[in-house]
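**Student:** Fold the following, please.
(2 chains)
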Amino acid sequence: GDSVTQMEGPVTLSEEAFLTINCTYTATGYPSLFWYVQYPGEGLQLLLKATKADDKGSNKGFEATYRKETTSFHLEKGSVQVSDSAVYFCALGRGGYNKLIFGAGTRLAVHP
Amino acid sequence: ETGVTQSPTHLIKTRGQQVTLRCSSQSGHNTVSWYQQALGQGPQFIFQYYREEENGRGNFPPRFSGLQFPNYSSELNVNALELDDSALYLCASSHGTDNYEQYFGPGTRLTVT
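**Tutor:** Below is the predicted model of the structure:
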């Protein structure tokens, strides 16, 4: 069945460091791909999305490119801030109704 | 524009009891999905409601049931609670049934003892 695999956390970085969180997926067809972020004590917020191969989603300095050939959707940011500390979830959507399949999440901790 | 709201925020129940969780969808959204997020895990899809009917279900037993009301708000009911039902329950709203861009509420933390 469809699934999403993310790199395990926690990821600990200094402020202004480069961030990469790896995400790969298994699915038939052409799913839509998403990154959601969960700040402490809050629900999930959509960070960015891509709906077809080679699309690049971007928001708030974060980027991810839909790579069909490697079934990947890695999240990157050039310079992280302390306020980026959160749990990041990669997800895919496919199937004709609004079901999202999430990875296990990657916790990011950024220190000054 | 009002976002997705959920109530209560926290809840403690005893094994075997029943629980009802509530969700108000974002203005303009007619579809509600429910997810269970166990500690340290990603959310798992429970089911989706559209036009007051269940329109897709994940791998959850029938003791998980729901309702959607004419104003698009929704309830999640869980009967015969088990210890493994302890989790954060998230509600997400969207417009239409083929729209993966969903807006999540803050969740209800359920603890079963």
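
**Student:** near chain A, which residues of chain B show up?
**Tutor:** B:4, B:31, B:33, B:35, B:40-45, B:48, B:50, B:55-56, B:58, B:90, B:92, B:94, B:97-107 (CB under 8 Å from any CB of the partner chain). (C-beta placed from N, C-alpha, C; glycine too.)

**Student:** Buried among those? Need that as a selection in ChimeraX.
**Tutor:** Selection of the buried residues among the residues of chain B next to chain A in ChimeraX, burial being defined by 16 or more other CB atoms under 10 Å in any protein chain shown:
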select /B:4,31,33,35,42,43,44,45,48,50,55,56,58,90,92,94,100,102,103,104,105,106,107
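
**Student:** which stretches of chain B form strands?
**Tutor:** Using DSSP state E, the strands found in chain B span residues B:5-7, B:10-13, B:19-24, B:31-37, B:44-50, B:53-57, B:64-68, B:74-78, B:87-94, B:103-104, B:108-112.

**Student:** Look up the closest residue to B:Asn55, ignoring the ones flanking it.
**Tutor:** In space, and not counting its chain neighbours, B:Asn55 is closest to B:Gln48: 5.1 Å by CB to CB, 6 or more residues apart in numbering or on different chains.

**Student:** re earlier: need the strands of chain B in JSON lines (columns: mean pLDDT).
**Tutor:** Putting these into JSON lines (pLDDT from 0 to 100) gives the following:
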{"stretch": "strand B:5-7", "mean pLDDT": "96"}
{"stretch": "strand B:10-13", "mean pLDDT": "97"}
{"stretch": "strand B:19-24", "mean pLDDT": "97"}
{"stretch": "strand B:31-37", "mean pLDDT": "95"}
{"stretch": "strand B:44-50", "mean pLDDT": "94"}
{"stretch": "strand B:53-57", "mean pLDDT": "91"}
{"stretch": "strand B:64-68", "mean pLDDT": "97"}
{"stretch": "strand B:74-78", "mean pLDDT": "98"}
{"stretch": "strand B:87-94", "mean pLDDT": "95"}
{"stretch": "strand B:103-104", "mean pLDDT": "92"}
{"stretch": "strand B:108-112", "mean pLDDT": "97"}
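
**Student:** To A:Leu44, which of the ones you listed lies closest?
**Tutor:** strand B:103-104 (4.3 Å; CB to CB).

**Student:** in terms of contact, does the residue nearest to B:Asn55 touch B:Tyr35 like I think?
**Tutor:** No. Contact status for B:Gln48 versus B:Tyr35: not in contact, 10.0 Å apart, counting by CB atoms under 8 Å.

**Student:** near chain B, which residues of chain A?
**Tutor:** Counting by CB under 8 Å from any CB, the residues of chain A near chain B are A:4, A:32, A:34, A:36, A:41-46, A:49, A:89, A:91, A:93, A:95-105.
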